[in-house]
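> predicted model, plus sequence, below.
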Amino acid sequence: MKLPPKFVSLHPYFKAHPGKLETLKAGLPAFRDNSATEERNIFYDFTINGDEIFCREGYEGAEALLTHLQNIGPLLGETLQIADLIRLEVHGPAAELEKLKGPLAHLNPQWFVQYEAK
């Protein structure tokens, strides 16, 4: 699969609070439904390992990722009442990551710059 030149991906890892895993899992379809309306969302899915939930998601650039975060803001707020964000990674070209560093600073993500062979 060939990705768009400005492709960025977001990799949040959540850990369910004790006794809240099933509640957290029940809320995942709402995230998927909201994300399905985003034109520049390339993929969006969840994987689960015990009480940890990982969301793998890809976008056609920084602006599309920011649109997504605005779109799911209320759902994310509810989720953070029953789970902790334990790790957040952002992957993409350096120029796109620069556009995200200010808006995402409060989430303390790890930044992974796309490798480009010379």
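That came through fine.
> quick one: pLDDT of the closest residue to residue 38 other than its chain neighbours?
With sequence-adjacent residues excluded and distances taken as CB to CB, 6 or more residues apart in numbering, residue 38 is closest to residue 68, at 5.6 Å. For the C-beta atoms, the positions are set from N, CA and C on the backbone; glycine is no exception. For residue 68, the model assigns a pLDDT of 96.
> which element is residue 68 on?
In this assignment (DSSP states H and E), residue 68 forms part of helix 62-79.
> all the helices of the protein, in order from the start?
21-35, 62-79, 94-104 (DSSP state H).
> now do the helix holding residue 68: which elements does it pack against?
Judged by 3 or more CB pairs under 8 Å, 6 or more residues apart in numbering; DSSP states H and E, the packing partners of helix 62-79 are strand 8-16, helix 21-35, strand 52-59, helix 94-104.
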